[in-house]
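Visitor: following is a predicted model, sequence given first.
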Amino acid sequence: MTLAAAGTLIGLLGAIGTNYLLIGMLYQVSPTDGPTMSLVAFVLLGVSALASLIPARSSSSIDPIVALRAD
């Protein structure tokens, strides 16, 4: 989750920097629209949490001795 949070922070900073290049194409939205940026950040962090939680949960249910003997 640390890498996901760092990537989200870098992405938000990059998005704020590049939004000013697209200011002419935005319609009734400011380049640094807070609710939109925070919603996207929370969705990305939620997806990354699920993407790491689901495999970790399934692998924690396996007995380590059985997994080592299978190889």
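Guide: Looks like it came in fine.
Visitor: got the CA positions of the lowest-mean-pLDDT helix or strand in the chain in CSV?
Guide: Within the chain, no helix or strand scores below helix 64-70, which has a mean of 83 by mean pLDDT, DSSP states H and E. C-alpha atoms of helix 64-70 as CSV (Å, rounded to 0.1, in the frame of the first residue of the first chain):
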residue,chain,number,x,y,z
PRO,A,64,3.2,-23.6,4.4
ILE,A,65,4.4,-27.1,4.8
VAL,A,66,2.0,-28.4,2.2
ALA,A,67,3.0,-25.6,-0.2
LEU,A,68,6.7,-26.3,0.2
ARG,A,69,6.1,-30.0,-0.4
ALA,A,70,4.2,-29.3,-3.6
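Visitor: and the contacts of that helix?
Guide: Taking CB atoms under 8 Å, 6 or more residues apart in numbering as the criterion, no residue outside helix 64-70 touches it. C-betas here are computed from N, CA, C, even on glycine.
Visitor: now do the helices in the chain.
Guide: Here the chain has its helices, by DSSP state H, at 2-19, 34-60, 64-70.
Visitor: all set now, cheers.
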